[in-house]
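# When you get a sec, could you give me coordinates for this:
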Amino acid sequence: WEYPGHSFQTGYSEARISREWRGLKLLLEETRRALPNAVISVAYYPDGRQENLLAAASENADVNHYHAMAYDQHGEHHSTFGFAERVVENALSSN
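This next block holds a predicted model:
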């Protein structure tokens, strides 16, 4: 899942969010049970909403590292430093 709960054609859908994030939560929990000593990392696109959904999905899964994909925000151009700062602020506030 690159953008769980989101479609580029229609945006976010509550039904899609529920279904896809429930599946991701189960995947994370099952991975932790199967590999109790593994390092689990999750990469996500920092749009403000993904951070909160990710925090809820991984609360019992013991995710070790989160990677905010704060690069190439708009197509061919690289993201600004200001965008990177907002990404860090969003990530810290969702914990």
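# mean confidence score for stretch 27-47?
The average pLDDT for stretch 27-47 rounds to 88.
# Now do the end-to-end distance for that stretch.
22 Å (CA to CA, to the nearest Å).
# All the helices of this protein, residue numbers only.
Secondary structure of the chain (DSSP state H): helices at 14-34, 49-57, 81-93.
# The shortest one packs against which elements?
So that's helix 49-57. Helices and strands touching helix 49-57, by 3 or more CB pairs under 8 Å, 6 or more residues apart in numbering; DSSP states H and E, are helix 14-34, strand 41-44, helix 81-93. Quick note: C-beta positions are derived from backbone N, CA and C, even for glycine.
# Quick check: the nearest residue to residue 68 once chain neighbours are set aside vs residue 91, distance?
Leaving aside its chain neighbours, residue 68 sits nearest to residue 46 (4.3 Å; criterion: CB to CB, 6 or more residues apart in numbering). Distance, residue 46 to residue 91, by CB to CB, to the nearest Å: 7 Å.
# Repeat that for residue 16.
23 Å.
# re the thing from before, of all the helices and strands packed on helix 49-57, which one is nearest residue 53?
Smallest distance to residue 53 across those (CB to CB): 5.4 Å, for helix 14-34.
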